[in-house]
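Trainee: quick one: sequence and predicted model below, then my questions.
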Amino acid sequence: MKNNPFNMPGQFYRGNLHTHSTGSDGAYSAQEVIRRYREAGYDFLAISDHYMEVFDYPVTDTRELRSNGFTTLIATELHTDELQCGGIWHILAVGLPVDFPPLKENETIIELTNRAADTGAFIGICHPSWSGLTVDEACQIECAHAVEIYNHGSKVEVERGEDTPFWDTILNKGHHLSGYATDDAHKMTYDCFGGWIHVKAESLEPELLLEALKAGHYYSSQGPQIHSMDIIGDELTVTCSPVSNISLQGHDQKSAHQQGTGLVEATFDIAKFKASHLRLTLRDAGSNRAWSNPVWFD
Ligand SMILES: [Zn+2]
Ligand SMILES: [Zn+2]
């Protein structure tokens, strides 16, 4: 099984890739936001303020706020150009240099996103449902590594935070995009600590986390933990924290599931998934979910 973070050396680090501070329209300073995430048990955080003229195109420098056992990634949320529906684009860039220059005159979202990717950044397509983004528009961002499949702020505020069907449509078109859950916290009240990722890396070095992100060596969660995904022949065995539903999603209408109380293991015949890909979703008794990245067989 290629690209399987569960079999790789290192450990899982818990982090949030998309958060705001007073560097743009967040309620708290980067220092205070970081203090709260650290206290909540996270290992790393990316402050991704809005890259807009009104905020002076911030790339919030959090390097001084790194400490023993907690690190930060340098990020921003890129904006320019209108979507077909009329709103502005929102694209996450994580792993930028702090001196990433402001928007250039007449720069398009594709040029801007490519410029960020060229610095080595991880590129994510933010909250598609909140944005009113179409799948065809998302597919124009060819340098993207991932889609935001769960945005906690958009979910708890306006019920537009869930994008796994959007992700599946992109995967059905053959695009190899990972998916990440995030908070997109602004207020740090009900909009935080609701969706995160566990990244597999050999240490908590920002460079190693960034490489793991770009390679898709992580899974997303609202609570449940995926412990392993092992494929031998046509069998996938999953182990996890206790959940009520373990399901697989594949190309077109391919799916499978097991349901029960306190499930911690499941084995599936995955022969039908092998023409393309599969991904794993867990759901616990409180309807919290965890999502693996896709396993591609093609
Ligand atoms: Zn946004
Ligand atoms: Zn945001």
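Mentor: Looks like it came in fine. Ligands and ions are numbered 1, 2, ... in the order given.
Trainee: for the rest of this, base every contact and every neighbour count on C-alpha atoms.
Mentor: Will do.
Trainee: partner residues bridging N151?
Mentor: Per DSSP bridges, the residues bridged to N151 are T182.
Trainee: what about the spatially most central residue of the chain, which helix or strand?
Mentor: Geometric centre of the chain, nearest residue: Y180, 1.9 Å, by CA atoms, centre = their mean. Taking DSSP states H and E as the criterion, the element that holds Y180 is strand 178-182.
Trainee: ok, now A212?
Mentor: helix 206-215.
Trainee: export the helix or strand just after that helix as CSV, just CAs?
Mentor: Moving toward the C-terminus from helix 206-215, the next helix or strand (DSSP H and E) is strand 218-221. Provided in CSV are the C-alpha atoms of strand 218-221 (Å, rounded to 0.1, in the frame of the first residue of the first chain):
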residue,chain,number,x,y,z
TYR,A,218,-2.0,12.6,7.5
TYR,A,219,-5.7,12.0,8.3
SER,A,220,-8.4,14.4,9.5
SER,A,221,-10.6,14.1,12.5
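Trainee: check contacts around the residue nearest to the centre of the chain.
Mentor: By CA atoms under 8 Å, 6 or more residues apart in numbering, the residues touching Y180 are A146, V147, E148, I149, Y150, W196, I197, Y219, S220.
Trainee: ok, those vs T237, which is closest?
Mentor: Y219 (16.4 Å; CA to CA).
Trainee: for that closest one, what are its contacts?
Mentor: Counted by CA under 8 Å, 6+ apart, Y219 has contacts Y180, I197, H198, V199, I226, A290, W291, S292, N293.
Trainee: which of the residues you listed tops the neighbour count?
Mentor: Neighbour tally across those (other CA atoms under 10 Å): the maximum, 30 neighbours, falls on Y180.
Trainee: could you say which helix or strand holds the nearest residue to that one once chain neighbours are set aside?
Mentor: Take Y180 and drop its neighbours on the chain: the residue closest to it by CA to CA, 6 or more residues apart in numbering is E148, 5.1 Å away. For E148, the host element (DSSP H and E) is strand 146-151.
Trainee: list the contacts of that strand.
Mentor: Under CA under 8 Å, 6+ apart, the answer for strand 146-151 is 123-128, 161-164, 167, 177-184, 195.
Trainee: before we move on, back to that, how far away is the residue nearest to the centre of the chain from N106?
Mentor: 30 Å (CA to CA, to the nearest Å).
Trainee: pLDDT below threshold where in this protein?
Mentor: 1-2 (pLDDT under 70).
Trainee: which positions in the strand holding E148 come out as buried?
Mentor: A146, V147, E148, I149, Y150, N151 (16 or more other CA atoms under 10 Å).
Trainee: can you put the contacts of Y180 in CSV and add distance to A212?
Mentor: Converted to CSV, those look like this (distance: CA to CA, whole Å):
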residue, distance to A212
A146, 12
V147, 16
E148, 17
I149, 18
Y150, 19
W196, 15
I197, 12
Y219, 11
S220, 14
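Trainee: please enumerate the strands of the stretch 151-298 of the chain.
Mentor: 178-182, 196-201, 218-221, 226-232, 235-250, 255-269, 277-283, 289-292, 295-296 (DSSP state E, counting those that start in this stretch).
Trainee: with respect to G95, which of those lies nearest?
Mentor: Among the strands of the stretch 151-298 of the chain, strand 196-201 comes nearest to G95, with 14.6 Å by CA to CA.
Trainee: in contact with A46: list those residues for me.
Mentor: N16, L17, H18, T19, T72, L73, I74, A75, V94.
Trainee: looking at those, which one is closest to D61?
Mentor: I74 (6.5 Å).
Trainee: in three-state terms, label the closest one for me.
Mentor: Secondary structure, DSSP: H, G, I helix; E, B strand; the rest coil: I74 is strand.
Trainee: P224 touches C240, doesn't it?
Mentor: Yes: between P224 and C240 there is a contact under CA atoms under 8 Å: 7.4 Å.
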